[in-house]
Structure formats: C-alpha cells, structure tokens
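K.L.:
Provided below are the primary sequence and the corresponding predicted coordinates.
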Amino acid sequence: MEELYSIMRDFLEVEYNQESLLCLLKAAEAAYTGKKQVEAKLIANSTKYYLQALQEELKAAINRLDSYIAENAKKQ
C-alpha cells in the first residue's frame, strides 16, 4: 500500500510540475516581442528541458505502477 501512495505522490508532483510548465509557456507567449527575443529563447529552452524531465518522471512512475500491479497479480 505504501508503494501506491508513493506512486500517487509522484503523479501529483507531475501534475504540479505541468502547471508550472504552463506558467512558463504563458510567460514565453508574453515575452515574445521583437525586443525580447533572447528572453523568449531562454524561456523556450528552459521549457523544453523541463518538459523532458517531466516526461522521464512520468515514465518512471508508470513503470513503478506497472511493476507493482504485476507483482500483486502474481500473489493472487
């Protein structure tokens, strides 16, 4: 049961981080003017890195959940 709570916390963390990512994207939209292209590029690059990290976290959480389900299926 502890493992399920841990997995759920991971999913909630991913959800929170996705909301943060949305804020970054909104900032990029607002910053993209002729005068602020450098700032917009920095925000876009940061967003890409952040999104890749979130995808890896989500994959790891899903794999943990799959493993947990498979182990419990064998026990029953």
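P.N.:
The structure has been received and is ready for your questions.
K.L.:
in the longest helix seen in the chain, which residues are buried?
P.N.:
For the chain, the helix that runs over the most residues, judged by DSSP state H, is helix 37-75. Going by neighbour count (16 or more other Cβ atoms under 10 Å), the buried part of helix 37-75 is 40, 43, 47, 50, 54, 58, 61, 65. Every residue, glycine included, has its C-beta placed from N, CA and C.
K.L.:
of those residues, which is the nearest to residue 73?
P.N.:
residue 65 (12.4 Å; Cβ to Cβ).
K.L.:
from residue 3, how far off is that closest one?
P.N.:
Residue 65 sits 9 Å away from residue 3, going by Cβ to Cβ, to the nearest Å.
K.L.:
next: residue 16.
P.N.:
For residue 16, the distance to residue 3 (Cβ to Cβ) stands at 20 Å.
K.L.:
between the two, which has more neighbouring residues?
P.N.:
The neighbour comparison of residue 16 against residue 3 (other Cβ atoms under 10 Å) goes to residue 3, with 13 against 10.
K.L.:
could you verify my assumption that the more buried one touches residue 64?
P.N.:
Yes - counting by Cβ atoms under 8 Å, residue 64 is a contact partner of residue 3 at 7.2 Å.
K.L.:
so who does the residue nearest to the spatial centre of the chain touch?
P.N.:
With distances taken as Cα atoms, centre = their mean, the residue of the chain nearest its centroid is residue 54 (2.7 Å). Applying Cβ atoms under 8 Å, 6 or more residues apart in numbering to residue 54 gives the contacts 14, 17-18, 21.
K.L.:
for it, give me the pLDDT.
P.N.:
Per-residue confidence (pLDDT) for residue 54: 89.
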